[in-house]
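Just to be clear, the model below is a prediction. Sequence and coordinates:
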Amino acid sequence: MNNQRRKKKVSESIVTMTELVLPHYTNQLGNLLGGQLMHWIDICAALAAAKHSQRVCVTASVDRIDFHHPIKLGNVVTLIASVNRAFKTSMEVGVTVFAESHIEGTRILTNTAYLTFVSVGENGKPVDTNEIVPETDDEKRRFEEALQRRTDRIGN
């Protein structure tokens with residue numbers, strides 16, 4: 001594996017996952033369990049981090065997961081993750097979650113999340129990750145906001 005840091009576009013880190021809300025994923029109200037959704041978010045974000053860094057990535061922190069709307073039994077859940085910003089060995093990944101009802105013909109934003117991942121080498125120790133290059137206005141905004149969240153998180 002090449003140890004040099006490469007510059008990669010945000011668009012190269014995008015991962016999309018699709019899940020179907022089955023009965024064993026729901027609570028007594030017929031809504032997707034929050035813990036199940038957090039599991040899917042963590043997997044989707046880890047895949048985006050790994051895609052960017054070309055390394056195994058481990059979860060370092062979950063800054064926040066916002067629940068905007070419940071997700072119902074039978075909904076199709078789409079999770080979209082991409083790296084917002086890369087630091088030395090860590091990177092912030094943003095995840096948006098949408099719920100679709102194919103019967104009703106609706107699609108709504110249900111959740112947003114920010115997680116931090118660390119690239120690790122074969123020995124399980126942190127290693128430098130690739131640099132990220134934001135291109136669109138939205139990517140540039142998320143790139144700047146990620147630095148502020150990191151500053152708030154670690155107090156620098």
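All right, it came through fine. Numbers count the residues shown, from 1 in each chain.

Show me where this protein dips below the pLDDT cut-off.
1-3, 156 (pLDDT under 70).

Residue for residue, what is the longest strand it has?
Using DSSP state E, we find that the single longest strand of the chain is strand 106-120.

Which residues belonging to that strand are considered buried?
110-111, 113-120 (16 or more other Cβ atoms under 10 Å). All C-beta atoms are positioned from the backbone trio N, CA, C, and that covers glycine.

Out of these, which is nearest to Ser61?
The nearest member of the buried residues of strand 106-120 to Ser61, counting by Cβ to Cβ, is Thr116 at 4.6 Å.

surely the closest one meets Ser90?
Yes: applying Cβ atoms under 8 Å as the test, Thr116 and Ser90 come out as touching, 5.5 Å apart.

before we move on, the earlier item: okay, the buried residues of strand 106-120 in TSV with distance to Lys72 next?
Output for the buried residues of strand 106-120, formatted as TSV (distance: Cβ to Cβ, whole Å):
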residue	distance to Lys72
Thr110	10
Asn111	14
Ala113	19
Tyr114	25
Leu115	25
Thr116	30
Phe117	30
Val118	35
Ser119	37
Val120	37
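
relative to strand 106-120, how tilted is the helix ranked longest in the chain?
Ranked by residue count under DSSP state H, the longest helix found in the chain is helix 34-53. Here helix 34-53 points in a direction 60 degrees away from that of strand 106-120 (axes from the mean of the first three to the mean of the last three Cα atoms, to 10 degrees).

what's the next helix or strand after helix 34-53 packed up against?
Later in the chain than helix 34-53, the nearest helix or strand by DSSP states H and E is strand 56-67. Here strand 56-67 touches helix 34-53, strand 90-101, strand 106-120, helix 137-154, going by 3 or more Cβ pairs under 8 Å, 6 or more residues apart in numbering; DSSP states H and E.

for the residue lying closest to Ile71 once chain neighbours are set aside, what are its contacts?
Nearest non-adjacent residue to Ile71, counting by Cβ to Cβ, 6 or more residues apart in numbering: Leu32, 4.0 Å away. Residues near Leu32 by Cβ atoms under 8 Å, 6 or more residues apart in numbering: 21, 25-26, 70-73, 75, 77.
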